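Q: Return atomic coordinates for the entry below.
(chains A and B)
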Amino acid sequence: RKEVEQDPGPFNVPEGATVAFNCTYSNSASQSFFWYRQDCRKEPKLLMSVYSSGNEDGRFTAQLNRASQYISLLIRDSKLSDSATYLCVVNIHNNDMRFGAGTRLTVKP
Amino acid sequence: EPEVTQTPSHQVTQMGQEVILRCVPISNHLYFYWYRQILGQKVEFLVSFYNNEISEKSEIFDDQFSVERPDGSNFTLKIRSTKLEDSAMYFCASSPLGTRNTEAFFGQGTRLTVV
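A: Modelled structure (predicted):
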C-alpha cells in the first residue's frame, strides 16, 4: 500500500460546483495531516491543516478519519481560481512529511 | 510576508559534476527541509534538518547527497556526482516547529537539469 494515496483525477467541474477529494494513508502512527495546493510548475502552498474534529475555512472543509486512515477535502462553490493540483500530505513521524501524487482539479466557466 | 528563497532558479549541469543548491529559510524558523519533484511526479521528501544535524532522511537521500547550514542564514543541498535521474525541481522548506506540529513553507524551487 502506498504511503499516501489519492485519486489523481482529473476532476473537471463547472463553476459553482461542489467537489470532494479523498486520500488514504498507510502509517497508522501518522500524527499530522495537511492539504497543500500546487499550481503548475510552482511550489506547494498550504491550503489547510486537518484536525481530528474536522475543520472548515471558508469554502473548504477538511475531515480526518483516523480509524479508516482517510482524509478528505470538500470545496464548495468552486471558483476558476481553484483550478490546481491538491496534495494530501501526511507527517509520518517527527519531521518527515510524505506527499500524495495529487488530485488535479479544473474548474470551467 | 517572510518567504523561503532559493537560488538559482534554474541550474544546468553535466553528468558527474557537483552542484550546490542554496536556500535561505524564513529567519525565525528552526526546521529545514529539502524535497524534490521529478517532472510529472509527486513531491518527495529528501531530508529534514534541525539543530545543525539531520533529523530524518528518506531512502532517496543516499551518500551522494549532503546538507549543510554554513552560516546563520543559508541552508544548502549538495549533490556530489550528478546523474541524469537527478534532474528535478528541488524545493527547500522551513517551519518554526517540526512538521509533527505545524506546516512547512516552501521556496519557489530550483530546477536542476543534468545533461
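
Q: Show me where chain B has its strands.
A: In chain B, the strands defined using DSSP state E lie at B:5-7, B:10-13, B:19-24, B:31-37, B:43-50, B:53-57, B:65-68, B:75-79, B:88-95, B:105-106, B:110-114.

Q: whoops, chain A was the one
A: Under DSSP E, chain A gives strands at A:4-6, A:11-14, A:19-25, A:32-38, A:45-50, A:55-57, A:60-65, A:70-75, A:84-93, A:96-99, A:103-108.

Q: Save those as a markdown table, and put in distance to B:R22 and mean pLDDT too.
A: Where you see a C-beta, it was placed from the backbone N, CA and C, and this is true even at glycine. Shown next, in a markdown table, are the strands of chain A (distance: least, C-beta to C-beta, whole Å; pLDDT from 0 to 100):
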| stretch | distance to B:R22 | mean pLDDT |
| --- | --- | --- |
| strand A:4-6 | 29 | 95 |
| strand A:11-14 | 37 | 97 |
| strand A:19-25 | 32 | 96 |
| strand A:32-38 | 22 | 96 |
| strand A:45-50 | 21 | 95 |
| strand A:55-57 | 33 | 95 |
| strand A:60-65 | 34 | 97 |
| strand A:70-75 | 34 | 97 |
| strand A:84-93 | 25 | 93 |
| strand A:96-99 | 22 | 92 |
| strand A:103-108 | 31 | 97 |
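
Q: Throw those strands into JSON lines and include distance to B:I38, thanks.
A: Converted to JSON lines, those look like this (distance: least, C-beta to C-beta, whole Å):
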{"stretch": "strand A:4-6", "distance to B:I38": "17"}
{"stretch": "strand A:11-14", "distance to B:I38": "23"}
{"stretch": "strand A:19-25", "distance to B:I38": "21"}
{"stretch": "strand A:32-38", "distance to B:I38": "14"}
{"stretch": "strand A:45-50", "distance to B:I38": "20"}
{"stretch": "strand A:55-57", "distance to B:I38": "31"}
{"stretch": "strand A:60-65", "distance to B:I38": "28"}
{"stretch": "strand A:70-75", "distance to B:I38": "24"}
{"stretch": "strand A:84-93", "distance to B:I38": "15"}
{"stretch": "strand A:96-99", "distance to B:I38": "12"}
{"stretch": "strand A:103-108", "distance to B:I38": "17"}
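
Q: Let me have these in CSV, adding mean neighbour count as columns.
A: What follows is those, written out as CSV (neighbours: other C-beta atoms under 10 Å in any protein chain shown):
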stretch, mean neighbour count
strand A:4-6, 21
strand A:11-14, 14
strand A:19-25, 19
strand A:32-38, 22
strand A:45-50, 18
strand A:55-57, 12
strand A:60-65, 18
strand A:70-75, 19
strand A:84-93, 23
strand A:96-99, 24
strand A:103-108, 18
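
Q: Using a markdown table, lay out those strands together with distance to chain B.
A: What follows is those, written out as a markdown table (distance: least, C-beta to the nearest C-beta, whole Å):
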| stretch | distance to chain B |
| --- | --- |
| strand A:4-6 | 8 |
| strand A:11-14 | 17 |
| strand A:19-25 | 12 |
| strand A:32-38 | 6 |
| strand A:45-50 | 4 |
| strand A:55-57 | 13 |
| strand A:60-65 | 13 |
| strand A:70-75 | 14 |
| strand A:84-93 | 5 |
| strand A:96-99 | 4 |
| strand A:103-108 | 11 |
